[in-house]
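Q: after the sequence you'll find the predicted model.
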Amino acid sequence: MVTLDEVRRKLGPGVEFHCKHFHVQPGAHMALWGPSGCGKSTLLNLISGLLRPDSGSISVDGLDLIKLSEGELDRFRGEHLGFVFQTFNLLAPFTALQNVMLGMRFSDTIPDKEWKDRATHILERVGLAHRIHAKPKTMSVGEQQRVAIARALANKQKLIVADEPTGSLDPKNAAATMDLLLEMCTEEKVTLLMVTHDRPTAERLPEVFDCLGLVSEVER
């Protein structure tokens, strides 16, 4: 599903990201673990095409990201990736149902006429059948993250990338969110890459990639 080889990216004066090799099998659930500044979010952004490497190769679902134009990278993200963020990134004026449906505009996976049914189904599956017409400001943080998970999965993407998805949640909601995210990714048969600085959270996933050493000082 994902392979990086000898990927380098300059992060600042005298600071470089270098990943010699990284590989994730289709359907795997992997945590990208390490403290702040170690390169885990940079790795996720390179895999997502949000950052371009200075050198090396990146392949995701058979696509060579290095060869894609900016427009092609936008299509790649819409068709292949689902995103779950720490801060949810929901649109305040819209309901949960509308937030999920708006996310479906960036992919041709689901026909337009099926958007509402698919969005309703996935919101029901994450336990929000009674909240599909609620707006984010009326929802708890746990409910907002459930909407974000539903949005990420709605297009039947093959890869879910989650950047500290439990970082804004209290321990109870964090545990519930992890349970739901793992359950839904297993049910939908998608690959999961999740950034976390918390070792116990990382160890809830079957695979853990240690990001320590990805960022280092280099000679100018």
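A: Great, that's in hand.
Q: how much space between the most centrally placed residue in the chain and L181?
A: The residue lying closest to the centre of the chain (C-alpha atoms, centre = their mean) is V161, at 1.8 Å. Per C-beta to C-beta, to the nearest Å, V161 is found 12 Å from L181. For the C-beta atoms, the positions are set from N, CA and C on the backbone; glycine is no exception.
Q: find residues that contact each of the two.
A: Contact criterion C-beta atoms under 8 Å, 6 or more residues apart in numbering; residues shared by V161 and L181: V84, M194.
Q: re the thing from before, tell me which element the residue nearest to the centre of the chain falls in.
A: Here V161 sits within strand 159-163, counting by DSSP states H and E.
Q: in the chain, where's the longest helix?
A: Counting residues, the longest helix found in the chain (DSSP state H) is helix 171-188.
Q: parallel or antiparallel, list what pairs with the helix or strand that comes right after that one.
A: Where DSSP H and E defines the elements, the next helix or strand beyond helix 171-188 is strand 191-196. Here strand 191-196 has these sheet partners by DSSP bridges: strand 29-33 (parallel), strand 159-163 (parallel).
Q: show me which positions of the helix or strand following strand 191-196 end up buried.
A: Per DSSP H and E, strand 191-196 leads on to helix 199-202 as the next helix or strand towards the C-terminus. Across helix 199-202, burial judged by 16 or more other C-beta atoms under 10 Å covers T201, A202.
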